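Enquirer: Got a sequence here, can you build the structure:
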Amino acid sequence: MVGNRSITVNPSSSELLSFEGSIHRVWNLLKYAGPHPDLLLMSRKQHHATDIARGLLTWLILLLCLGSGVFQLIQLVIESWKVDKIVKAVPNFLCTKNFLFTLVAQYQMWSGRREIKHLFKDWKQVELQSRCCNLHHMKTMVNGFCCYTILQPTICLLLGMTIGNLTEPAESFFFSHYFIIRETFHPIFISASTGIIYFYLYHIFHLTELITIVFFYHITCTVRNLKEEWDDHFKDEQYIRVVWQRYERILHFVNRANDLFGTIMAMRNFYHVFSLCLGLYHTLILFRESPTVFLLNFGFVMTF
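Expert: Below you'll find the predicted structure:
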């Protein structure tokens, strides 16, 4: 019988790219957006005043997103009731689903917060036994995921919704739809507020995506490393047995991750496909009636 002897791999610190390191890289790229690192299910030492400020800002963001979501739900009901063609309520539905999907995704993450953190902690032990076969490629991919998380909501939501609100203030999915709001506040203030709220709403949803994507990507890279070890020591039966045991252990982590993230990943895929189909349908139907709405929808469709 072969015991669980350790594999002799002595990677230097520069050859290791841990999941924890990737999440910290995410935080370093996202910290200027303002939210607290708790949204990434991570702990990070900060100055006490900074920690309090970020905590308060995060609660303010969440309350604004909640208020915007309630507003969109109300507007969806009103517009669906009074429009002569249901296609005219599609923009309201698109705005409302962003809030609903974000709410469900956050509930899934926070309801399993303890189990998820235990999963990440246990995964560290697996990564300590794994060497990185292509560190540069891994860093490039993780940085790409992070940049996508920042750029997509910034370009599509922050800029798109701000410009859309300025050019089409009477649209029912904007706060400026109501005359009293348009008369009370400056158009630029209303438009910028709308863009910021939608930016953070989509931003939070993407953070939930990012955690699952990066974790499964690290699993993929670890399996790829095992395959290389298998190929390099194919004639060493004892070594192959140990590699196979490690592979079975990784499968156990995959099952745990599927239990915790499976619903989120399935919902994410449905969200993107559904958004693409609905946005494309609305763009093709109404592009002649409103060039601004066409450009906004076209941007969203291209993104999805």
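Enquirer: where does the stretch 101-250 of the chain dip in pLDDT?
Expert: Along the stretch 101-250 of the chain, the model assigns pLDDT under 70 to residues 131-135, 153, 233.
Enquirer: where do the helices sit along it?
Expert: Here the stretch 101-250 of the chain has its helices, by DSSP state H, counting those that start in this stretch, at 113-127, 135-152, 160-167, 179-184, 187-232, 237-286.
Enquirer: Dump the ones you listed into CSV; add distance to residue 19 and mean neighbour count as well.
Expert: Yep, even glycine has a C-beta here, placed from its N, CA and C like the rest. Shown next, in CSV, are the helices of the stretch 101-250 of the chain (distance: least, CB to CB, whole Å; neighbours: other CB atoms under 10 Å):
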stretch, distance to residue 19, mean neighbour count
helix 113-127, 6, 14
helix 135-152, 10, 15
helix 160-167, 32, 20
helix 179-184, 45, 10
helix 187-232, 5, 19
helix 237-286, 11, 15
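Enquirer: Quick one: closest of those helices to residue 91.
Expert: helix 237-286 (6.8 Å; CB to CB).
Enquirer: Return the distance of that closest one from the chain's centre.
Expert: Centroid separation for helix 237-286 versus its chain: 13 Å, with CA atoms, centre = their mean, to the nearest Å.
Enquirer: picking that back up, and residue 294, which of the helices of the stretch 101-250 of the chain is closest to it?
Expert: That would be helix 237-286 among the helices of the stretch 101-250 of the chain, by CB to CB, at 6.0 Å.
Enquirer: And that closest one, what does it pack against?
Expert: Here helix 237-286 touches helix 90-111, helix 113-127, helix 187-232, helix 291-303, going by 3 or more CB pairs under 8 Å, 6 or more residues apart in numbering; DSSP states H and E.
Enquirer: Would you reformat those as CSV and include distance to residue 172?
Expert: Formatted as CSV, the helices and strands packed on helix 237-286 follow (distance: least, CB to CB, whole Å):
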stretch, distance to residue 172
helix 90-111, 6
helix 113-127, 36
helix 187-232, 13
helix 291-303, 12
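Enquirer: among the ones you listed, which is nearest residue 282?
Expert: helix 90-111 (4.2 Å).
Enquirer: Restrict the closest one to CA atoms and write it as PDB.
Expert: Provided in PDB are the C-alpha atoms of helix 90-111 (Å, rounded to 0.1, in the frame of the first residue of the first chain):
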ATOM      1  CA  VAL A  90     -38.900  46.200 -21.900                       C
ATOM      2  CA  PRO A  91     -36.500  49.000 -20.600                       C
ATOM      3  CA  ASN A  92     -38.300  48.900 -17.300                       C
ATOM      4  CA  PHE A  93     -37.900  45.200 -17.100                       C
ATOM      5  CA  LEU A  94     -34.200  45.300 -18.000                       C
ATOM      6  CA  CYS A  95     -33.600  47.900 -15.200                       C
ATOM      7  CA  THR A  96     -35.600  45.900 -12.700                       C
ATOM      8  CA  LYS A  97     -33.900  42.600 -13.400                       C
ATOM      9  CA  ASN A  98     -30.500  44.100 -12.600                       C
ATOM     10  CA  PHE A  99     -31.800  44.800  -9.100                       C
ATOM     11  CA  LEU A 100     -33.500  41.400  -8.700                       C
ATOM     12  CA  PHE A 101     -30.500  39.400  -9.900                       C
ATOM     13  CA  THR A 102     -28.100  41.400  -7.700                       C
ATOM     14  CA  LEU A 103     -30.400  40.900  -4.700                       C
ATOM     15  CA  VAL A 104     -30.600  37.100  -5.200                       C
ATOM     16  CA  ALA A 105     -26.800  36.800  -5.900                       C
ATOM     17  CA  GLN A 106     -25.900  38.700  -2.700                       C
ATOM     18  CA  TYR A 107     -28.300  36.600  -0.700                       C
ATOM     19  CA  GLN A 108     -26.700  33.400  -2.100                       C
ATOM     20  CA  MET A 109     -23.200  34.600  -1.200                       C
ATOM     21  CA  TRP A 110     -24.000  35.900   2.300                       C
ATOM     22  CA  SER A 111     -26.300  33.000   3.300                       C
END
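Enquirer: Buried residues of it, list them for me.
Expert: By 16 or more other CB atoms under 10 Å, the buried positions in helix 90-111 come out as 90-99, 101-106, 108-109.
Enquirer: quick check: angle from it to helix 187-232?
Expert: Put simply, helix 90-111 runs at 50 degrees to helix 187-232, going by axes from the mean of the first three to the mean of the last three CA atoms, to 10 degrees.
Enquirer: angle of helix 90-111 against helix 237-286?
Expert: 150 degrees.
Enquirer: Thanks a lot, catch you later.
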